[in-house]
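K.L.:
Output the structure for:
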Amino acid sequence: QVQLVESGGGLVQAGGSLRLSCGASGRTFSRYDMGWFRQVPGKEREFVATISRGGGITNYADSVKGRFAISRDNAKNTVYLQMNSLKPEDTAVYYCAARDPLVARTYDYWGQGTQVTVSS
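P.N.:
Numbers count the residues shown, from 1 in each chain. Next up is the predicted model:
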């Protein structure tokens with residue numbers, strides 16, 4: 001198993017930036033695809049971005065393309081989400097998740113989440 005802990009959330013004005021971090025412990029970090037998801041109360045959790053085990057393949061939700069960037073440092077067991085040009089609609093709890101692509105099609109490991117609030 002892998003344990004995930006997010007950090008870096010907070011309150012920011014519209015147009016500002018934040019960088020989220022997710023540290024992993026447990027099994028070898030580099031075996032996992034990593035993703036960021038977000039959830040607003042009363043709504044389903046939604047996909048934000050994913051990155052492959054080696055970092056060579058990234059995917060983004062249309063709503064964040066060109067504004068957010070996912071990256072990872074396998075030597076530090078950490079995945080990042082750089083969020084620029086933030087909008088009030090980006091306000092949500094952001095979750096880090098991991099998936100072992102050799103054994104699962106879904107993201108099975110989740111962090112506790114970090115709150116991002118964007119004021120207008």
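
K.L.:
give me the number of residues near the closest residue in space to Leu4 that isn't next to it in sequence?
P.N.:
Nearest non-adjacent residue to Leu4, counting by C-beta to C-beta, 6 or more residues apart in numbering: Gly111, 3.7 Å away. For glycine as for every other residue, the C-beta is placed from the backbone atoms N, C-alpha and C. Other residues lying near Gly111 total 20 when counted by other C-beta atoms under 10 Å.

K.L.:
Gly111 reaches Ser7, doesn't it?
P.N.:
No - contact between Gly111 and Ser7 fails when scored by C-beta atoms under 8 Å: they sit 9.4 Å apart.

K.L.:
what do the two both touch?
P.N.:
Taking C-beta atoms under 8 Å, 6 or more residues apart in numbering as the criterion, Gly111 and Ser7 both touch Cys22.

K.L.:
give me every residue that touches Gln39.
P.N.:
Counting by C-beta under 8 Å, 6+ apart, Gln39 touches 45-46, 92-93, 95, 113.

K.L.:
Please identify which of these is nearest to Ala14.
P.N.:
Ala14 lies nearest to Ala92 out of those, by C-beta to C-beta, at 14.5 Å.

K.L.:
Give me the pLDDT for the closest one.
P.N.:
As predicted, Ala92 sits at a pLDDT of 98.

K.L.:
May I ask you to confirm that it is in contact with Thr114?
P.N.:
No - applying C-beta under 8 Å, one finds Ala92 not in contact with Thr114, separated by 9.9 Å.
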